[in-house]
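**Q** predicted model follows, preceded by the sequence.
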Amino acid sequence: MSTSEAFSASNGAEGAGVGAFRAETSVPAPQLTDAGLAMPAEAAILAGVQSDINEALGGGTNPALNTPQGQIAMSMTAILGDALECMLEVLNGVDPARSSGRLQDAIGRIYFMERLPATPTLVEVALTLTGNSLPTIAAGTTLASDQAGNLYAAQSDISFPPNTPSPQYVTLACQAPGPVECPAGALALYRGNMGLAALANPAAGIPGQAVESRAAFERRRALAVEGNARSSNGALLGALLDIPGVQDALVVDNPTTAEAQQGGITLPPHTLYAVVLGGNAEDIGQAILAKKPPGCATHGAQSVTVQDNASAYGGQGPRYTFQYDQAQTTTVHVAVTLATGPHVPSDAALAVQRGVLAWFEDADTRPRLGGTLYAGRLIGALNAVGDWVEVLDCQISTIAGGTGARLTLPINQLPTVDASTITVTMAA
């Protein structure tokens with residue numbers, strides 16, 4: 001209700017009649033303009049409150065803030081300031097570019113989206129089998145552990161036909177959600193009597209993700225708008241990124257009549273190529289079925305067969321087999337050279353390694369499929385480690401001791417690091 005609106009009230013005495021008065025204030029009101037909500041400065045609010053108190057007390061009051069009326073004025077100003085800040089935060093939250101937290105969740109629900117929960121670290125392991133007939137390993141069975149005590153379990157049921165050769169490769173998920181470092185060779189067989197003789201991970205795991213951040217949620221929401229379409233690469237990409245457990249995806253195609261290169265991948269003529277990081281095969285297949293153009297071939301090393309569940313088929317829809325790729329992890333070596341100095345701590349190398357690992361694990365900064373990794377972006381993360389950091393050089397490469405200011409991998413490969421591939425050198 002406006003502060004200048006007229007009110008009427010009883011004088012408190014029965015039968016004394018009704019008087020009228022106007023509730024007025026010297027406190028400036030916020031203004032809703034075309035540019036947004038313009039809030040008065042707290043100094044202007046304080047001056048207005050002091051003026052109101054002075055008028056209420058008949059004038060001539062001491063304006064000093066260390067007086068009782070001054071303390072009341074300061075408290076009222078703080079209350080009004082907090083209320084106006086909350087109002088401003090709510091109004092800003094209506095804008096998808098600025099919203100966060102609960103307000104961003106509300107915008108997401110307009111698109112039938114929920115914020116993605118934390119996801120586990122995924123690691124591909126090589127299984128050495130024993131015997132000719134192995135029992136099925138049920139989904140959720142713990143198969144491996146690391147030196148830190150983290151446990152890794154099967155994502156889905158695992159079974160092998162008789163006389164299956166070793167090794168066999170499967171993907172395990174860390175039972176602790178969020179980013180957990182899993183270097184190459186870190187895993188060992190958790191327990192025996194499962195038909196497995198040995199277990200090892202030849203490559204580092206793909207770090208899990210924390211609960212979806214504000215920036216990542218907004219990026220996915222923007223892609224979901226295009227994902228409502230059909231028969232376009234963007235539509236399929238939006239659908240793939242909305243699958244639970246999918247951390248990243250990329251979709252390209254070859255519209256020509258001859259083989260063509262797309263991001264280091266050779267595609268046959270007239271094919272669609274999707275590469276996905278994580279996710280369930282059935283969900284991926286249904287997304288391809290729903291979004292790809294009819295009659296367009298697919299390409300990739302993975303294969304999934306799904307049924308068209310459109311209601312028109314009455315549960316007897318045709319089945320289609322699609323190809324796609326699961327992203328591979330490629331170990332990246334990072335070589336950092338720092339300047340020595342009196343303020344450099346003894347654990348400088350460890351702090352730098354943690355800073356690089358955090359950058360690779362953060363959903364807002366980590367490398368993405370099909371992108372280029374720039375050493376310069378890592379320097380920003382290193383400078384955030386501490387005021388003592390003075391970066392003289394930063395090199396990235398797929399080989400130990402290699403050099404390079406940037407790195408572009410094939411679009412089906414995702415760069416990953418662990419502490420053993422991050423070297424720190426001090427130089428005068």
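**A** Cool, the structure landed. Note that this is a predicted model, so its numbers are computed, not measured. Residues are numbered from 1 along each chain as shown.
**Q** who are the contact partners of residue 283?
**A** 243-244 (Cβ atoms under 8 Å, 6 or more residues apart in numbering). For glycine as for every other residue, the C-beta is placed from the backbone atoms N, C-alpha and C.
**Q** how close does it get to residue 368?
**A** 20 Å (Cβ to Cβ, to the nearest Å).
**Q** cool, residue 353 as well?
**A** In terms of Cβ to Cβ, residue 353 sits 22 Å off from residue 368.
**Q** likewise residue 272?
**A** 20 Å.
**Q** cool, and residue 310?
**A** In terms of Cβ to Cβ, residue 310 sits 33 Å off from residue 368.
**Q** show me which of the two is the more surrounded one.
**A** Comparing residue 310 with residue 368 by neighbour count (other Cβ atoms under 10 Å), the higher total belongs to residue 368, at 16 against 12.
**Q** was I right about the more buried one contacting residue 248?
**A** Yes. Residue 368 is in contact with residue 248 according to Cβ atoms under 8 Å; the separation is 5.5 Å.
**Q** what touches both of these two?
**A** residue 414.
**Q** helix or strand next in line after the lengthiest helix in the chain, which one?
**A** Assignment by DSSP state H gives helix 68-93 as the longest helix of the chain. Downstream of helix 68-93, the first helix or strand assigned by DSSP states H and E is helix 101-110.
**Q** residues making contact with the following helix or strand past that next one?
**A** Using DSSP H and E, the helix or strand that follows helix 101-110 in sequence is strand 120-129. Residues outside strand 120-129 that contact it (Cβ under 8 Å, 6+ apart): 143-144, 152, 155, 160, 164, 166-182, 187, 195-208, 278, 329.
**Q** can I get strand 120-129 in CSV, CA atoms only?
**A** Taking C-alpha atoms only, strand 120-129 is exported to CSV below (Å, rounded to 0.1, in the frame of the first residue of the first chain):
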residue,chain,number,x,y,z
PRO,A,120,29.8,-39.8,-9.3
THR,A,121,33.3,-40.1,-10.8
LEU,A,122,33.2,-42.7,-13.6
VAL,A,123,36.2,-44.9,-14.4
GLU,A,124,36.8,-47.6,-17.0
VAL,A,125,38.4,-50.7,-15.6
ALA,A,126,39.9,-53.8,-17.1
LEU,A,127,38.6,-57.0,-15.6
THR,A,128,40.6,-60.2,-15.7
LEU,A,129,38.1,-63.1,-15.6
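**Q** would you indicate which residues of it are buried?
**A** Buried positions in strand 120-129, judged by neighbour count with 16 or more other Cβ atoms under 10 Å: 120-127, 129.
**Q** with stretch 202-210 instead?
**A** Quick answer for stretch 202-210 (16+ other Cβ under 10 Å): 203-210.
**Q** and of these, the nearest to residue 56?
**A** Minimum distance to residue 56 across those is 52.1 Å, recorded for residue 210 (Cβ to Cβ).
**Q** surely that closest one meets residue 176?
**A** No. Using Cβ under 8 Å, residue 210 is not in contact with residue 176; the gap is 11.7 Å.
**Q** which stretches in the protein count as helices?
**A** 42-56, 68-93, 101-110, 214-227, 233-241, 281-291, 348-361, 375-383.
**Q** and of the ones you listed, who's closest to residue 35?
**A** Among the helices of the chain, the nearest to residue 35 by Cβ to Cβ is helix 68-93 (11.9 Å).
**Q** quick check: mean pLDDT across that closest one?
**A** The pLDDT scores in helix 68-93 average 90.
**Q** domain-wise, how is this structure divided?
**A** For the chain, automatic domain parsing gives the domain ranges 23-93, 120-200, 229-326, 329-427.
**Q** pretty sure residue 130 sits against residue 198.
**A** No. Using Cβ under 8 Å, residue 130 is not in contact with residue 198; the gap is 9.1 Å.
**Q** before we move on, the earlier item: tabulate the domains of the chain (TSV), appending distance to residue 106.
**A** Shown next, in TSV, are the domains of the chain (distance: least, Cβ to Cβ, whole Å):
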stretch	distance to residue 106
domain 23-93	8
domain 120-200	24
domain 229-326	18
domain 329-427	21
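**Q** the ones you listed: lowest mean pLDDT?
**A** When I compare the domains of the chain, domain 120-200 is least confident, with a mean of 85.
**Q** that one: end-to-end distance?
**A** 18 Å (Cα to Cα, to the nearest Å).
**Q** tell me the buried residues in stretch 280-300?
**A** Neighbour counts over stretch 280-300 (16+ other Cβ under 10 Å) mark 280-281, 283-292, 297-300 as buried.
**Q** figure out how far that stretch is from the centre of its chain.
**A** Mean-position distance between stretch 280-300 and its chain equals 24 Å (Cα atoms, centre = their mean, to the nearest Å).
**Q** and of the helices of the chain, who's closest to residue 406?
**A** Across the helices of the chain, closest to residue 406 is helix 375-383 (Cβ to Cβ), at 6.6 Å.
**Q** and residue 71, how many neighbours does it have?
**A** 11.
**Q** please name the nearest non-neighbouring residue to it.
**A** Leaving aside its chain neighbours, residue 71 sits nearest to residue 65 (7.2 Å; criterion: Cβ to Cβ, 6 or more residues apart in numbering).
**Q** for the one you found, give its distance to residue 274.
**A** In terms of Cβ to Cβ, residue 65 sits 65 Å off from residue 274.
**Q** who has more neighbours, the two?
**A** A direct count of neighbours by other Cβ under 10 Å for residue 65 and residue 274 places residue 274 higher, at 27 against 12.
**Q** which residues touch that one?
**A** 236, 240, 249-251, 284, 288, 298, 300, 324-325.
**Q** which one among those gets closest to residue 344?
**A** residue 250 (40.2 Å).
**Q** distance-wise, check the closest residue to that closest one other than its chain neighbours relative to residue 273.
**A** Spatially, and ignoring its direct neighbours in sequence, residue 250 is nearest to residue 369 (4.3 Å; Cβ to Cβ, 6+ apart). Separation of residue 369 from residue 273 (Cβ to Cβ): 12 Å.
**Q** in terms of neighbours, single out the busier of those two.
**A** residue 273 (25 against 22).
**Q** does that one really touch residue 300, like I thought?
**A** Yes. Residue 273 is within contact range of residue 300, at 6.4 Å (criterion: Cβ under 8 Å).
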